[in-house]
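**Student:** My questions concern the predicted model and sequence given below.
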Amino acid sequence: MKRYAGDGRGREGGRAAGTPNKVTQSARNALEKLLLSPKALKQMAKDLEQLQPYQRLQIQEKLLAYVLPRIQSTELQIEENFPPPRRLTENEAVELWQQMEETY
């Protein structure tokens, strides 16, 4: 049966969801072998030593993004159902002070 774009039956063929792309995976494996070989790591260390401290820090900062997860800021919002604050009367303040003295 012939399929038409927008017929509501989804795609036909192609990779199943979650299946890695073979070309991308092989490229990553090749780069990993190249960059993480003992010889490459020694050369990278030598190259880093020849840089100025500021340049070295810039490169290390960029490389850390691949090792450590980024921490996102979070925002805390507290909704309280308290009445708005009011000033204590003099008697209330004295009474509160006495209660605190007894307690502490």
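**Tutor:** Okay, I see it.

**Student:** quick one: the residue most central in space within the chain from residue 82, how far?
**Tutor:** For the chain, the residue nearest the mean C-alpha position is residue 70 (3.0 Å; CA atoms, centre = their mean). Counting by CB to CB, to the nearest Å, the gap from residue 70 to residue 82 is 36 Å. The C-beta positions use only the backbone N, C-alpha and C, and glycine is treated the same way.

**Student:** Phi, psi for the residue nearest to the centre of the chain please.
**Tutor:** With angles defined as degrees, to the nearest 10, residue 70 shows backbone torsions of phi -80, psi 140.

**Student:** need the contact list for it.
**Tutor:** By CB atoms under 8 Å, 6 or more residues apart in numbering, the contact list for residue 70 is empty.

**Student:** Can you read off the pLDDT for it?
**Tutor:** We have a pLDDT of 80 for residue 70.

**Student:** The most far-flung residue of the chain relative to its centre: which element?
**Tutor:** In the chain, residue 91 marks the outermost C-alpha relative to the chain mean, sitting 53.1 Å out by CA atoms, centre = their mean. Element membership of residue 91, judged by DSSP states H and E, is helix 90-103.
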